[in-house]
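[1] after the sequence you'll find the predicted model.
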Amino acid sequence: MDWIQRRDLLHAVSCTDGQLGPMLWMGYLLVAIEGGILWYFEFTCPLTIIARRYSDSARANFDIFLPEWLARYTKLIYTTVVAVIICLTLFHLVKRLPCFERRSYPALSNETAIVEWLPDRRQ
């Protein structure tokens with residue numbers, strides 16, 4: 001379920017129309033709730049705490065079907081993905097600021113137009 005939330009956030013930010021819709025903010029809310037739960041349980045999944053009662057394995061992947069190396073670094077990987085998504089969102093938000101609006105400049109078709117457009121400095 002975690003991967004689905006992050007994938008939806010990435011899709012919501014990378015839309016080509018540049019709109020940041022309600023699904024993006026809903027995804028941020030879900031990730032924030034998940035982060036709060038992990039913080040409350042000292043950055044351990046509550047389901048892992050329950051599963052440890054029924055297993056004597058100390059491996060990182062005893063309760064999920066992932067390779068050992070991936071299970072060990074899941075939080076780091078997913079935190080990096082969310083950080084990239086936050087950066088993309090901030091980029092889209094900053095791009096909307098009035099100081100970054102596109103301005104029109106005179107069309108320059110060839111070298112003579114450039115010379116005519118530049119101020120005369122032959123004095």
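    Here it is on my side, so go on.
[2] the helices in this structure, which residues?
    Taking DSSP state H to define them, one finds helices in the chain at 2-13, 22-40, 46-53, 68-72, 74-95, 111-117.
[3] report the buried residues of the longest one.
    Right, helix 74-95. Residues of helix 74-95 classed as buried: Thr74, Tyr78, Val81, Val82, Ile85, Leu88, Thr89, His92 (neighbour count, 16 or more other C-beta atoms under 10 Å). Just so you know, the C-beta spots here come from the backbone N, C-alpha and C atoms, and that holds for glycine as well.
[4] ok, so of those residues, who is nearest Pro67?
    Minimum distance to Pro67 across those is 10.7 Å, recorded for Thr74 (C-beta to C-beta).
[5] tell me the pLDDT of the closest one.
    pLDDT recorded at Thr74 is 85.
[6] equivalent analysis for Ile85, please.
    So Ile85 comes in at 89 (pLDDT).
[7] ok so, going back, just give me the closest of the buried residues of helix 74-95 to Asp56.
    Proximity of these to Asp56 (C-beta to C-beta) peaks at Thr74, which lies at 21.8 Å.
[8] what about the residue lying closest to the closest one once chain neighbours are set aside, how many residues nearby?
    For Thr74, ignoring the flanking residues on the chain, the nearest one in space by C-beta to C-beta, 6 or more residues apart in numbering is Leu66 at 7.3 Å. By other C-beta atoms under 10 Å, the residues close to Leu66 number 13.
[9] Arg72 is in contact with Leu66, correct?
    No. Using C-beta atoms under 8 Å, Leu66 is not in contact with Arg72, being 9.2 Å away.
[10] where are the low-confidence patches of this protein?
    Along the chain, segments meeting pLDDT under 70 span 1-18, 100-123.
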